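Enquirer: Sequence first, predicted coordinates after that:
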Protein chains: 2
Amino acid sequence: MALKMRKSRVARPPMCALTQCMALLRGAWAPNVIWHLRDGARRFGELRVDIPLVSAKVLSARLRELEDRGLLERRLLATSPPSAEYSLTDLGRELIPAIDAVVKVGLKLRGMDAELPTLRPRWNAVHRTARRAG
Amino acid sequence: MALKMRKSRVARPPMCALTQCMALLRGAWAPNVIWHLRDGARRFGELRVDIPLVSAKVLSARLRELEDRGLLERRLLATSPPSAEYSLTDLGRELIPAIDAVVKVGLKLRGMDAELPTLRPRWNAVHRTARRAG
DNA sequence: CTGTATCCTCTTGGATACTG
DNA sequence: CAGTATCCAAGAGGATACAG
C-alpha cells in the first residue's frame, strides 16, 4: 500500500459527543427556539413572531420534542384567552454557548466576505403562511 | 388584551445568522466531517473509519456538498490505487469554533448527569454496514 | 481505493383546516 | 390564542450493487 494509514487520530469521545449534542439541535428550528428563549419565557404566538418562517405545526412539534428532552418547560397560564409559556430548563440553558458560537460564526461569515453560498434549502421561498398579514 | 405583547426582542440579525450557519452544518454528518478534518487532510477511506456509522453514499454526498459550499477542498492524488484527500478551506476552518462549542457542551452534558435522553434517531440501530468486518 | 446509482425508509417541514 | 390533524413534498440517510 502506497500510503500508510493514519488512523484513529481521534479517541472517539469528541465524535460521539458531537453527534449526540447535534441530535439535540436537530432540525431547522430547534436552535432558533432555544435561542429565542435565552432571555426568558416566551409564549407560543410570540415565538411565531420571533421565528417568522416557522409553521404552527412544526413549532408545536419542536416545542414538544424539546420539552420531552428536558430542554424546556411548558407552563399553562390561566388567562382569559388561554396561553402557554415556554422557558428553558437548566439543561436547555447549557446549549446556549454552543448556539452562541454558531451565531458568532454566522455573523462573522457574513461580515468577512461570506456569500453563505445560496444556502436557502427553501426557507426563503416560503414566506407566505408565516407572515400573517403583516 | 390581558397580556402586553413583548415583541421584537431580538433585532433579527442573530436569527438569520443562526439559521444560515446551521444550514452549513445541515445533516448528521457534516459537522463530523469538518471535525475530523480539523487537524489536516484526510482521505475518503480514512474518514469512513473516523466516522464509523456513515455510509459511503452519504459521506460522498456530504463531502461534495461541503466542497460546493467552499468549506473544504478535494485533491486527487496520482497514486497507484487512486486516492483523494479532503482538507478544510479557510472558510471551513471558521466553523471549527462553533463545532468545538457543541462538542464541549456534549461532553459537559454527559459529564454532569445528562442522559442525553435516548436520542438515537437511528444512528445506534445501524452498525452493520459501516463496520466493515472490523 | 474512491466513489456513483438505485431503491427505499424515516424525518422534517409546509399548507390547510379544524378544535378547545 | 394555542394548538392538533391530515396530507403532501423534499431531504437525509441506509443497503446494495456497480464503476473508474
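Expert: Nice, I can see it.

Enquirer: Compute the mean per-residue pLDDT across whichever strand or helix holds A:G45, please.
Expert: Here A:G45, judged by DSSP states H and E, is contained in helix A:44-50. For helix A:44-50, mean pLDDT is 93.

Enquirer: close to DNA strand C, is whichever strand or helix holds A:K104?
Expert: Under the criterion of DSSP H and E, A:K104 resides in helix A:96-112. No - Helix A:96-112 stays clear of DNA strand C (C-beta under 7 Å from any atom of the strand), getting no nearer than 14.5 Å. C-beta coordinates here come from the backbone N, C-alpha and C atoms, glycine included.

Enquirer: what helices or strands is that helix leaning on?
Expert: Contacts defined by 3 or more C-beta pairs under 8 Å, 6 or more residues apart in numbering or on different chains; DSSP states H and E place helix A:96-112 against helix A:30-36, helix B:13-24, helix B:90-94, helix B:96-112.

Enquirer: quick one: least confident helix or strand in chain A?
Expert: Across the helices and strands of chain A, mean pLDDT, DSSP states H and E gives its lowest value to helix A:13-24, namely a mean of 79.

Enquirer: Identify the residue nearest the geometric centre of chain A.
Expert: With distances taken as C-alpha atoms, centre = their mean, chain A has A:P31 as the residue nearest its mean C-alpha position (1.0 Å).

Enquirer: Please verify my assumption that that residue contacts B:A23.
Expert: No - if you go by C-beta atoms under 8 Å, A:P31 and B:A23 don't touch, sitting 10.8 Å apart.

Enquirer: which regions of chain A sit below the pLDDT cut-off?
Expert: A:1-15, A:113-134 (pLDDT under 70).

Enquirer: Show me which residues of stretch A:62-73 are buried.
Expert: For stretch A:62-73, a neighbour-count test (16 or more other C-beta atoms under 10 Å in any protein chain shown) marks A:R62, A:L63, A:E65, A:L66, A:R69, A:L71, A:L72 as buried.

Enquirer: my read is the first one is in a strand, agree?
Expert: What that stands for is A:R62. No - counting by DSSP: H, G, I helix; E, B strand; the rest coil, A:R62 falls outside a strand, being helix.

Enquirer: A:A98: how many residues sit nearby?
Expert: 25 (other C-beta atoms under 10 Å in any protein chain shown).

Enquirer: now A:A78
Expert: Neighbours of A:A78 (other C-beta under 10 Å): 6.

Enquirer: Tell me the spacing between it and A:A84.
Expert: 11 Å (C-beta to C-beta, to the nearest Å).

Enquirer: Which residues of chain A lie near DNA strand D?
Expert: Counting by C-beta under 7 Å from any atom of the strand, chain A sits next to DNA strand D at A:43-46, A:56-57, A:60, A:63-64, A:74, A:81-84, A:86, A:121-122.

Enquirer: Buried only: go through those for me.
Expert: The neighbour count (16+ other C-beta under 10 Å) marks A:R43, A:G45, A:E46, A:L63, A:S83, A:Y86 as buried among these.

Enquirer: Ramachandran coordinates for A:W29?
Expert: Here is the backbone geometry of A:W29 (degrees, to the nearest 10): phi -110, psi -20.

Enquirer: Quick check: the residue in chain A that DNA strand D sits nearest to vs B:Y86, distance?
Expert: In chain A, the residue that lies nearest DNA strand D is A:G45 (2.5 Å; C-beta to the nearest atom of the strand). Distance, A:G45 to B:Y86, using C-beta to C-beta: 45 Å.

Enquirer: Please name the residues that touch the nearest residue to A:V33 once chain neighbours are set aside.
Expert: Of all residues beyond its chain neighbours, the one nearest A:V33 is A:R62 (5.5 Å), with distances taken as C-beta to C-beta, 6 or more residues apart in numbering or on different chains. For A:R62, the contact set (C-beta atoms under 8 Å, 6 or more residues apart in numbering or on different chains) comprises A:G27, A:W29, A:A30, A:V33, A:V54.
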